[in-house]
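Chemist: 3D, please:
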Amino acid sequence: VPLQASGGGTVQPGGSLRLSCLVSGVSLDDYAIGWFRQAPGKEREGVACISGKDEQTLYFDSVKGRFTISRDKAKNTVYLQMNSLKPEDTAVYYCAADPDMIDLTTGPGYWGQGTLVTVSS
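Modeler: The predicted model follows:
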């Protein structure tokens with residue numbers, strides 16, 4: 001499943017960014033899509049996920065209340081709206097896909113390339 005992430009950049013603390021993940025060749029109804037991130041020197045961690053058929057969302061503790069995951073089926077795109085950004089949000093952000101939501105959170109089958117988010121004053 002080809003996944004193309006975009007929208008990264010540099011933003012000041014407290015600012016916002018929206019990341020996009022374009023999913024090609026498959027229906028969003030059939031795949032759970034997730035955002036993950038990896039900061040320098042740290043392990044990759046989950047950020048947020050959205051399920052296929054019923055659009056249930058899951059957020060990891062570090063971003064709850066600040067980030068929102070959504071999707072536009074007409075554009076086959078999943079978004080990650082990031083508000084109140086902190087320096088510790090600095091990382092390469094990846095989108096990933098898997099037919100199963102649980103498998104998505106434990107070991108996605110498909111990965112896109114990353115997009116760098118830098119939060120710095």
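
Chemist: okay, and the helix or strand of this structure with the least pLDDT?
Modeler: Of the helices and strands making up the chain, the lowest-confidence element is helix 101-106, at a mean of 86, by mean pLDDT, DSSP states H and E.

Chemist: Check which helices and strands it is in contact with.
Modeler: Other elements packing on helix 101-106 under the criterion 3 or more C-beta pairs under 8 Å, 6 or more residues apart in numbering; DSSP states H and E are strand 32-38, strand 45-50, strand 91-98. To be clear about C-beta, it is placed using only N, CA and C from the backbone, and glycine gets the same treatment.

Chemist: In whichever helix or strand comes after the shortest one, which residues are buried?
Modeler: Okay, so that is strand 45-50. The helix or strand immediately downstream of strand 45-50 is strand 57-59, counting by DSSP states H and E. Of the residues in strand 57-59, those scored as buried under the neighbour-count criterion (16 or more other C-beta atoms under 10 Å) are 58-59.

Chemist: cool, stretch 35-50 as well?
Modeler: Within stretch 35-50, the residues scored as buried using 16+ other C-beta under 10 Å are 35-37, 46-50.

Chemist: what does it contact?
Modeler: Counting by C-beta atoms under 8 Å, 6 or more residues apart in numbering, stretch 35-50 makes contact with 19, 21, 32-34, 56-60, 62-63, 67-71, 78, 80, 88-96, 101, 104-105, 108, 114, 117, all of which sit outside it.
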